[in-house]
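Colleague: Sequence and computational prediction follow.
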Amino acid sequence: MKKCIIIIGVCFLLSGCSKATLQKEMQTSAAERVTEESSTDDSEMNTQDLPNLDYLKKKLNECVAILGISEVSDAYYKNVEKIDSDTIFLDVILTTDLYKLKCTCSYIGLTDHWAVLYVENNENNHTYYIAPGHEETVDLYDYATDTLISKKKDNPETKDPVTDLNESMESINEDFDSKLDSIADEYNIRR
């Protein structure tokens, strides 16, 4: 499970890097003011214990630049969910000059990196950004005009990035455990 999340996360990160690099001059440090919102919905995990927050802020700034957002007036964490020791999901709510956005993010412990899975309007759920490779899984809207730019493909085999990431990680984790069991058996080691 852990290796799968990492591999998928790395793929998300690598495929999103080129766009972010091209628009690096447009980046704003506004997303660096991310704070914790007190919420009873959050898990027991204290958000101060979140790993590699500098990288999360970097990824948020890249998304802000890709969308062409000029100003973020407020940012905070919400719905922090620790799946296991190496997998964390959370939402970062950004208040921009046009909308309040929900950025769904995932932490992959194996690589110690964060990925922004998608960014959507917190009020009408219009998606403005989705992890590369998943564009056909949602109706995609233009951030500036909130107009539809690409329609979701009705394919029963397409999955949203969160489900895809979880299934891939489970598969990788099962394979990894199987190989560890094989090694343990070969060397007579109890697991």
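Modeller: Thanks, I have the structure now. None of the values given here were measured: they were computed from a predicted structure. Numbering: from 1, shown residues only.
Colleague: going forward, measure contacts between C-alpha atoms and count neighbours the same way
Modeller: Will do.
Colleague: Poorly predicted segments of this structure, please.
Modeller: Low-confidence segments of the chain, defined by pLDDT under 70: 1-48, 155-173.
Colleague: what do you get if the cut-off is 80, keeping everything else the same?
Modeller: The chain contains residues with pLDDT under 80 at 1-49, 84-85, 154-177, 190-191.
Colleague: Tell me where it has helices.
Modeller: Ranges of helices in the chain, per DSSP state H, are 2-22, 53-67, 161-186.
Colleague: hey, which strand is longest across the chain?
Modeller: Longest strand of the chain, by residue count under DSSP state E: strand 72-84.
Colleague: How about residue 109: what's its closest non-neighbour residue?
Modeller: Residue nearest to residue 109 in three dimensions, not counting chain neighbours: residue 86, with 4.1 Å by Cα to Cα, 6 or more residues apart in numbering.
Colleague: Please give me every residue in contact with that neighbour.
Modeller: By Cα atoms under 8 Å, 6 or more residues apart in numbering, the residues touching residue 86 are 2, 107, 108, 109, 110.
Colleague: ok, it to residue 108 distance?
Modeller: Residue 86 sits 6 Å away from residue 108, going by Cα to Cα, to the nearest Å.
Colleague: and the longest strand of the chain, what other elements does it pack with?
Modeller: Contact here means 3 or more Cα pairs under 8 Å, 6 or more residues apart in numbering; DSSP states H and E; on that basis strand 72-84 packs against strand 35-36, strand 87-96.
Colleague: what about the closest residue to residue 82 other than its chain neighbours, distance to residue 121?
Modeller: Of all residues not flanking residue 82 in the chain, residue 88 sits nearest, at 4.4 Å (Cα to Cα, 6+ apart). Separation of residue 88 from residue 121 (Cα to Cα) stands at 22 Å.
Colleague: same check, this time on residue 100
Modeller: 6 Å.
Colleague: number of nearby residues for the closest residue to residue 114 other than its chain neighbours?
Modeller: Among residues not flanking residue 114 along the chain, residue 107 sits closest, at 4.4 Å (Cα to Cα, 6+ apart). Here the number of neighbours of residue 107 (other Cα atoms under 10 Å) works out to 26.
Colleague: Same check on the one 10 residues further on?
Modeller: Each residue near residue 117 was counted by other Cα under 10 Å, and the total is 23.
Colleague: Residue 68 now?
Modeller: Residue 68, neighbours per other Cα under 10 Å, totals 15.
Colleague: Phi, psi for it please.
Modeller: phi 80, psi 30 (degrees, to the nearest 10).
Colleague: For stretch 128-137, buried residues please.
Modeller: 128, 129, 130, 131, 132, 134, 135, 136, 137 (16 or more other Cα atoms under 10 Å).
Colleague: again with stretch 116-125
Modeller: Of all the residues in stretch 116-125, those buried under the rule 16+ other Cα under 10 Å are 116, 117, 118, 119, 120, 121, 122.
Colleague: Serialize those residues to a markdown table and add fields for distance to residue 187.
Modeller: Below are those laid out as a markdown table (distance: Cα to Cα, whole Å):
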| residue | distance to residue 187 |
| --- | --- |
| 116 | 41 |
| 117 | 41 |
| 118 | 44 |
| 119 | 48 |
| 120 | 50 |
| 121 | 54 |
| 122 | 53 |
